[in-house]
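*Asks:* I would like the atomic coordinates for the input below:
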Amino acid sequence: MSPKSEVAIGARHGGTEQSRAHNGQGTSTDPFIVEFKRDDPENPMNWSASRKWFIAFIVTSSVFAVTFASSAYSDSSDEIIKDFNISTEVFSVGISLFILGFAVGPAVWAPLLL
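*Replies:* Alright, predicted model coming up:
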């Protein structure tokens, strides 16, 4: 078994640093192995079924709302082009940026949330 490495992590409340031991070195050949303690309330496997379903509902609703918003914008193309007196190329920039946000957004925002 690999030696334990001390990793400093931010505490949930109060912002103080605390240290926890993880198996592994953090390399691609010997990655950290994170294990939850028995009956740890932060372990998603220990969450109640209602909490798991609530989180699934929130995530699913968010994805549905964003996808619906993009399709609602594209369906109104004729009215937007006429009301704002723009070309179809200019209109397509809005949809293109929206789809680009779908593609690139998670790759940009995910590292910033750590």
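*Asks:* what's the domain layout of this structure?
*Replies:* 4-35, 48-112 (automatic domain parsing).
*Asks:* looking at those, which is closest to residue 42?
*Replies:* Evaluated over these, closeness to residue 42 peaks at domain 4-35, with 8.6 Å, by C-beta to C-beta. Bear in mind the C-beta positions are built from the backbone N, C-alpha and C, glycine included.
*Asks:* just to revisit the earlier point, could you tell me the least trusted of the domains of the chain?
*Replies:* Note on the domains of the chain: lowest mean pLDDT is at domain 4-35, with a mean of 62.
*Asks:* the domains of the chain into JSON lines, with extra columns for distance to residue 41 and mean neighbour count?
*Replies:* Formatted as JSON lines, these follow (distance: least, C-beta to C-beta, whole Å; neighbours: other C-beta atoms under 10 Å):
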{"stretch": "domain 4-35", "distance to residue 41": "11", "mean neighbour count": "10"}
{"stretch": "domain 48-112", "distance to residue 41": "10", "mean neighbour count": "11"}
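*Asks:* tabulate these (TSV), appending distance to residue 42.
*Replies:* Formatted as TSV, these follow (distance: least, C-beta to C-beta, whole Å):
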stretch	distance to residue 42
domain 4-35	9
domain 48-112	12
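*Asks:* mind checking the longest helix of the chain?
*Replies:* With secondary structure taken from DSSP state H, the chain has its longest helix at helix 49-75.
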